[in-house]
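Peer 1: using only what follows, build the 3D model:
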Amino acid sequence: MADPQATSPRVSRRTVLRLGGAALAGAATGPFVFTPARAQGFNWKRFQGKELFFLFYKHPWVDEIVTHVPEFESLTGMKVKYEILPEVQGRQKLVVEMTGGSGGVDGFHSSMHVEKRRFWKAGWYQPLNKFLEDPTLTPPDFDWNDIVPGAKAAVLQPDKSISGIPTFVDPFVLFYRKDLYDQKGWKPPRTIAEMESQAKALHAPPGTYGIVYRGLKNANATPWAYVLFAFGGDYLTKDGKSALTTEPWVRAMDWYAGTLRKYGPPGVVNFNWYECSSAFMQGQVGLYFDGVNFANQFEDPAKSKIAGKVGYAVLPAGPAGHYTCTFTNAMAVSAQSRNKEAAYLFCAWSTNKQNAVRELLAGVGVGRASTWANPEVKAKPKMPQSWYDAYLESLKIGRPGLPEIVGVTEYRDIIGVAIQKAIEGAPSAQVLADASREFQDLLNRTEG
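Peer 2: You can find the predicted model right below:
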């Protein structure tokens, strides 16, 4: 059962205008300004008869958008073929295709937090700047300025080229046992110190454990980003070197490993998101933070013992300020495509306002500001009100959650091992010194 107060998402016009204004301020000006006059001369049938092929990774956004592909085909007269594969397998196939230079893939749903720098450096992304500026290619109601700043930052490269159109933005938020908080008369924590204090107070094993988040190597690199930002850390120094031995990293590691070691469930050092979510849904844990889109299952009585008892909140501020980490996917055009403009038209259509509304109605988060106040979304809430509030507020304070480097996967392995060792009791400074040497070696090999 959903929160009884969640009759409709009460996203205020002021909030949406503020978010949209921030998007506008963070966007390029001039040709990116979209007006009704752009409708003149737009021809959806311009590429009629062409056939496109897209490679998609298995993803909730993809599951929803492919159900509407026949609409695009009818609108444009084009034929769209696609393949959906699990992300790791799909990325492997895409790398083989692009390395071989076959030109057989016209576009793909890119995981920017993993592929951004690697694919850009390899020359596999078709820059979209000129397409976005072309009124004969970009539909008049597309509205680039409606996309929130964090999502736009995730697709912008060092040379100012735009490598994709954001589709799905996953900020990390706080999940908490609303029923337990109500019993104690608590509000969600406002600071990271208060979150630890509440975890300590809730910790009563074996019945209830205070808090859970990922401990398993590689997987733990994503929630780690939130704690790192909260303590003022960054991945690289100003001169592009490893920052892993700086003071904010040590403080963040002390908090991340120490809090989980003291107030987490047994075996948490090997927990991925699945084990964390399962423990939370079984009512074994009081607090949990992870990607916002894991929350759908919490409200399903067939899966969750705490359906209707979950609160959702923006992650609390740390000593360095109020941040969260975000992970963004985007529709990209292959630089090797023989149908670049036609493939771009599909990317623009799939990420338009109408499809963003469809995704949000399906419980899939999006990075468009206007979608959250859409009347249809407000009339058909899929999740409790606090979920909508936490999502929208988190979009405003989100930062890309992984370093924007070629060797993202290798970085995740390096820091992941360090975090596991710290959870098991090794000194933070020691594990970070070891990790920093490996990270600097990675940077030397891949970023030159």
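
Peer 1: please count neighbours and contacts with C-alpha atoms only from this point.
Peer 2: Will do.

Peer 1: sketch out the low-pLDDT regions of the stretch 201-350 of the chain for me.
Peer 2: Counting by pLDDT under 70, the stretch 201-350 of the chain contains no low-confidence range.

Peer 1: helices of that one, start to end?
Peer 2: If you assign secondary structure with DSSP state H, counting those that start in this stretch, the helices in the stretch 201-350 of the chain sit at 221-230, 247-263, 273-281, 340-350.

Peer 1: and the second one, what does it pack onto?
Peer 2: Right, helix 247-263. Contacting helix 247-263 under the criterion 3 or more Cα pairs under 8 Å, 6 or more residues apart in numbering; DSSP states H and E are the following elements: helix 192-202, strand 209-212, helix 221-230, helix 408-423, helix 428-446.

Peer 1: can I get the ones you listed in CSV with mean neighbour count and distance to Gln297?
Peer 2: As requested, the helices and strands packed on helix 247-263 are exported to CSV (neighbours: other Cα atoms under 10 Å; distance: least, Cα to Cα, whole Å):
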stretch, mean neighbour count, distance to Gln297
helix 192-202, 18, 23
strand 209-212, 27, 17
helix 221-230, 25, 19
helix 408-423, 21, 26
helix 428-446, 18, 35
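
Peer 1: for these, give me JSON lines that also has distance to Gly103.
Peer 2: As requested, these are exported to JSON lines (distance: least, Cα to Cα, whole Å):
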{"stretch": "helix 192-202", "distance to Gly103": "49"}
{"stretch": "strand 209-212", "distance to Gly103": "45"}
{"stretch": "helix 221-230", "distance to Gly103": "33"}
{"stretch": "helix 408-423", "distance to Gly103": "26"}
{"stretch": "helix 428-446", "distance to Gly103": "26"}
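
Peer 1: buried sites along the host helix or strand of Gln183?
Peer 2: In this assignment (DSSP states H and E), Gln183 forms part of helix 178-184. Neighbour counts over helix 178-184 (16 or more other Cα atoms under 10 Å) mark Lys178, Tyr181 as buried.

Peer 1: likewise stretch 93-112?
Peer 2: Across stretch 93-112, burial judged by 16+ other Cα under 10 Å covers Leu94, Met98, Gly104, Val105, Asp106, Gly107, Phe108, His109, Ser110, Ser111, Met112.

Peer 1: list of residues touching that stretch?
Peer 2: Surrounding stretch 93-112, the residues in contact under the criterion Cα atoms under 8 Å, 6 or more residues apart in numbering are 52-57, 124, 154-155, 164, 327-334, 336-340, 343.

Peer 1: buried only: go through these for me.
Peer 2: Listed as buried from those are 52-57, 124, 154-155, 164, 327-334, 336-337, 339-340, 343; burial here means 16+ other Cα under 10 Å.

Peer 1: mind checking pLDDT for Gly26?
Peer 2: Looking at Gly26, its pLDDT reads 37.

Peer 1: which of the helices or strands spans Trp61?
Peer 2: Per DSSP H and E, the secondary structure element for Trp61 is helix 60-65.

Peer 1: which strands and helices sit next to that helix?
Peer 2: In this structure, helix 60-65 packs against helix 353-361, with contacts taken as 3+ Cα pairs under 8 Å, 6+ apart.

Peer 1: tell me the first helix or strand C-terminal of the helix it packs on.
Peer 2: Secondary structure here is assigned by DSSP H and E; on that basis, the next helix or strand after helix 353-361 toward the C-terminus is helix 375-379.

Peer 1: buried residues, that following helix. List them.
Peer 2: Under 16+ other Cα under 10 Å, the buried positions of helix 375-379 are Val377, Lys378.

Peer 1: circling back to that earlier point, how far does the helix holding Trp61 sit from its chain's centre?
Peer 2: Averaging C-alpha positions (Cα atoms, centre = their mean, to the nearest Å) puts helix 60-65 15 Å from its chain's average.

Peer 1: could you do stretch 348-365 as well?
Peer 2: Between the centre of stretch 348-365 and the centre of its host chain there is 15 Å, according to Cα atoms, centre = their mean.

Peer 1: residues in contact with that stretch?
Peer 2: Here stretch 348-365 makes contact (Cα under 8 Å, 6+ apart) with 60-61, 64-65, 72, 138-139, 141-143, 165-170, 293, 296, 331, 366, 368, 370-371, 374, 376-377, 380-383, 391.

Peer 1: end to end on that stretch, go ahead and measure it.
Peer 2: Distances were taken as Cα to Cα, to the nearest Å; on that basis the terminal residues of stretch 348-365 are 18 Å apart.

Peer 1: so for that stretch, what gets flagged as buried?
Peer 2: For stretch 348-365, burial by neighbour count (16+ other Cα under 10 Å) applies to 348-353, 355-365.

Peer 1: what do you get for stretch 111-126?
Peer 2: Those would be 111-120, 124-126, for stretch 111-126 by 16+ other Cα under 10 Å.

Peer 1: that one: how far from the chain's middle?
Peer 2: 16 Å.

Peer 1: kindly format the C-alpha coordinates of that stretch as CSV.
Peer 2: The C-alpha trace of stretch 111-126 is given here as CSV (Å, rounded to 0.1, in the frame of the first residue of the first chain):
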residue,chain,number,x,y,z
SER,A,111,26.0,4.7,-20.0
MET,A,112,27.7,8.1,-19.7
HIS,A,113,29.1,7.4,-16.2
VAL,A,114,31.1,4.4,-17.7
GLU,A,115,31.6,5.2,-21.4
LYS,A,116,31.8,9.0,-21.6
ARG,A,117,35.6,9.6,-21.8
ARG,A,118,36.5,6.2,-23.3
PHE,A,119,34.2,6.5,-26.2
TRP,A,120,34.9,10.2,-26.8
LYS,A,121,38.6,9.5,-26.8
ALA,A,122,38.1,6.7,-29.3
GLY,A,123,36.0,9.0,-31.6
TRP,A,124,32.9,6.8,-31.4
TYR,A,125,30.4,9.6,-30.4
GLN,A,126,29.0,11.8,-33.2
